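Participant: here's a sequence, model it:
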Amino acid sequence: MLTQKQVEAKYGKANKNGTGYLTTIKLPFPMRVAWQRNQIINSFQCHKLIAERLLAVYKDVLSHYGLAEIQRLGIDLYGGCFNYRLMRGGSNLSKHSWAIAVDHDPDRNLLHETAKTARFARPEYKEFIDIWYKHGFFSLGREKNYDFMHFETAI
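Facilitator: Coordinates of the predicted model:
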């Protein structure tokens, strides 16, 4: 995991509007907003320095699983990217403040869930998580055994 100092050195200073560092990626498959599942998104904002790698993740996910399986597994449940805020229970900014982290299917991969109960800890999601690693991201679930919804850049 990158420290806040390393993040600021590479990605700059975060600000509440994302001014100067946000860009929009067009998704290769539609996603549903996790807290309002009838709302479909075809794009979202992320940090401009991770945009190409993030898009490559989603293209590989689509290639591996196909749209029907992505939807069946809930991989398409978007939980957010840019959100200027402190880490839960901490005093440092969340990686979401730089839009270098993405959450998926937050209802079934809760913050304090472990591999015993988190959906993304199941075998059918192994390739999903492996794809994130292939493109320079990591899973807090795999690394720390909590917050399985959270994927952030490792570089």
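Participant: please make it C-alpha for all contacts and neighbour counts, starting now.
Facilitator: Noted.
Participant: just the pLDDT at the closest residue to residue 33 other than its chain neighbours, thanks.
Facilitator: Leaving aside its sequence neighbours, residue 33 sits nearest to residue 78 (CA to CA, 6 or more residues apart in numbering; 5.0 Å). Looking at residue 78, its pLDDT is 98.
Participant: for residue 155, same thing?
Facilitator: 89.
Participant: repeat that for residue 150.
Facilitator: 97.
Participant: repeat that for residue 103.
Facilitator: So residue 103 comes in at 98 (pLDDT).
Participant: need phi/psi at the nearest residue to residue 34 once chain neighbours are set aside.
Facilitator: Nearest non-adjacent residue to residue 34, counting by CA to CA, 6+ apart: residue 77, 4.9 Å away. Main-chain dihedrals, residue 77, degrees, to the nearest 10: phi -80, psi 100.
Participant: repeat for residue 53
Facilitator: Dihedral angles of residue 53 (phi, psi; degrees, to the nearest 10) stand at phi -70, psi -40.
Participant: list the contacts for it?
Facilitator: Residues in contact with residue 53 (CA atoms under 8 Å, 6 or more residues apart in numbering) are 135, 136.
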